[in-house]
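Novice: Just a sequence and a predicted model for now, questions to come.
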Amino acid sequence: MKLSKEKLSDMLEKMLLARAFDTPLDDLVFESKIPATVHQCIGQEGNIGTIFPLNKDDYIFTGHRSHGLLLAKGLDPKKMMAEIFGKSTGYNKGKGGSMHITAPEYGAMGSNGILGYVTVLVNGPSFYSKLKKLNRVSVAYFGEGASNQGFVHEGMNLAAIWKLPTIFVLENNHYAEATAVEYACSTQDLALRGKAYGIPSYNVDGSDILEVYTKMQEVVENARNNKGPSLLVIDCYRYKGHQIGEPGGYRTEEEIQNYRNTKDPIMKFKKYLIGLGYLTEDKYIELEKKAKKIIDDAIKFADESPYPEPSETYTEVYV
């Protein structure tokens with residue numbers, strides 16, 4: 001696989017943007033700038049390698065830990081931050097918050113706080129695309145904890161039966177809230193959960209964005225060529241808690257630091273790009289500062305934006 005310097009640089013910039021977006025959220029929650037808790041994806045930035053093989057009009061259905069994926073799909077950091085702040089300038093006018101950011105114009109069909117439910121929703125656009133011969137794919141993102149939910153298996157079975165252009169991405173970050181995957185899942189080879197339905201299923205190293213990208217590119221191409229669904233199981237790790245403000249105590253600081261030292265996706269990619277001669281330490285620092293400036297501007301925009309008017313309480317709802 002030969003990617004251009006520009007493409008590789010874009011990947012790094014999106015990873016840095018994702019980390020810069022999630023890093024200040026702790027303080028913003030504790031300062032009551034953000035009116036609810038938030039789920040951060042710090043440490044999981046390699047997973048956004050799944051976004052780069054997609055087109056703008058391909059559909060993604062994300063879970064509660066989705067900021068990096070949405071930024072990589074092209075969403076505006078200012079409108080995302082405003083949504084998290086509960087402001088009217090957000091993607092959903094401040095009514096959805098972090099777990100429900102939706103932007104159909106980018107193929108972002110909604111994040112969802114109901115664990116694994118995206119694996120059911122994703123098959124709707126997949127079926128529509130197949131019926132209308134649109135050559136679009138749909139992607140559902142969920143965690144290892146969510147993979148224990150019944151409708152995850154219903155969604156995979158239906159996609160397999162109808163040979164839909166659906167891609168299931170299982171982000172195994174090892175903990176469903178505070179419950180370790182070793183305890184909660186009957187098998188540690190989670191790819192078996194897709195293979196049980198006849199779905200080609202692959203284990204991928206989430207600390208390596210290029211490995212994620214390469215395998216995603218393969219399954220996207222298969223989906224576009226009417227070869228049916230696939231499952232990617234991405235082994236990754238979140239440095240932060242399940243949500244901001246959690247008590248912790250279910251894992252050691254040594255474990256977290258070990259992942260930071262040995263499998264950080266950004267540091268790993270940085271080292272790779274320096275080895276190619278595509279990046280220098282000074283350029284990396286410049287890109288970090290650029291990402292931070294974008295997010296600082298997004299926070300300022302969100303902070304200065306108005307809240308929705310009380311008269312809008314019952315607008316844009318079904319009932």
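Specialist: Yep, it's here. Numbering: from 1, shown residues only.

Novice: How far off centre is stretch 167-182?
Specialist: 13 Å (Cα atoms, centre = their mean, to the nearest Å).

Novice: how long is that stretch from one end to the other?
Specialist: With Cα to Cα, to the nearest Å as the measure, stretch 167-182 spans 25 Å from end to end.

Novice: how about that stretch: buried residues?
Specialist: Ile167, Phe168, Val169, Leu170, Glu171, Asn172, Asn173, His174, Tyr175, Ala176, Thr179, Val181 (16 or more other Cβ atoms under 10 Å). Using the backbone N, CA and C atoms, a C-beta is placed for each residue, glycine as well.

Novice: For these, work out which two are farthest apart.
Specialist: Taking Cβ to Cβ as the measure, the buried residues of stretch 167-182 span a maximum distance of 26.0 Å, between Ile167 and Thr179.

Novice: For this protein, just list every one of the strands.
Specialist: Taking DSSP state E as the criterion, the chain contains strands spanning 59-62, 108-111, 138-143, 166-172, 175-176, 179-180, 201-205, 230-235.

Novice: will you turn those into CSV that also has distance to Leu16 and mean pLDDT?
Specialist: Listed next are those as CSV, based on distance: least, Cβ to Cβ, whole Å; pLDDT from 0 to 100:
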stretch, distance to Leu16, mean pLDDT
strand 59-62, 20, 98
strand 108-111, 20, 94
strand 138-143, 21, 98
strand 166-172, 20, 98
strand 175-176, 25, 96
strand 179-180, 30, 96
strand 201-205, 20, 98
strand 230-235, 19, 98
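
Novice: Tell me, how many residues neighbour Asp10?
Specialist: Using other Cβ atoms under 10 Å, Asp10 has 14 other residues around it.

Novice: Touching, Met109 and Pro125? I think so.
Specialist: Yes - under the criterion of Cβ atoms under 8 Å, Met109 makes contact with Pro125 at 6.8 Å.

Novice: which residues are in contact with both of these two?
Specialist: Common contact partners of Met109 and Pro125 (Cβ atoms under 8 Å, 6 or more residues apart in numbering): Tyr59, Ser138.

Novice: Now do stretch 95-102: distance from first to last residue.
Specialist: Termini of stretch 95-102 sit 11 Å apart (Cα to Cα).

Novice: ok, back up a step: in a markdown table, list the strands of the chain along with distance to Lys95.
Specialist: Output for these, formatted as a markdown table (distance: least, Cβ to Cβ, whole Å):
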| stretch | distance to Lys95 |
| --- | --- |
| strand 59-62 | 18 |
| strand 108-111 | 12 |
| strand 138-143 | 22 |
| strand 166-172 | 26 |
| strand 175-176 | 27 |
| strand 179-180 | 31 |
| strand 201-205 | 35 |
| strand 230-235 | 31 |
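
Novice: Low-confidence regions, the stretch 51-200 of the chain specifically.
Specialist: Regions of the stretch 51-200 of the chain meeting the criterion pLDDT under 70 are absent.

Novice: ranges for the helices of it?
Specialist: 67-73, 77-85, 118-121, 123-132, 150-162, 181-184, 192-195 (DSSP state H, counting those that start in this stretch).

Novice: Take those and lay them out in JSON lines including distance to Glu246.
Specialist: Compiled in JSON lines, the helices of the stretch 51-200 of the chain are given as follows (distance: least, Cβ to Cβ, whole Å):
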{"stretch": "helix 67-73", "distance to Glu246": "17"}
{"stretch": "helix 77-85", "distance to Glu246": "18"}
{"stretch": "helix 118-121", "distance to Glu246": "23"}
{"stretch": "helix 123-132", "distance to Glu246": "32"}
{"stretch": "helix 150-162", "distance to Glu246": "24"}
{"stretch": "helix 181-184", "distance to Glu246": "17"}
{"stretch": "helix 192-195", "distance to Glu246": "27"}
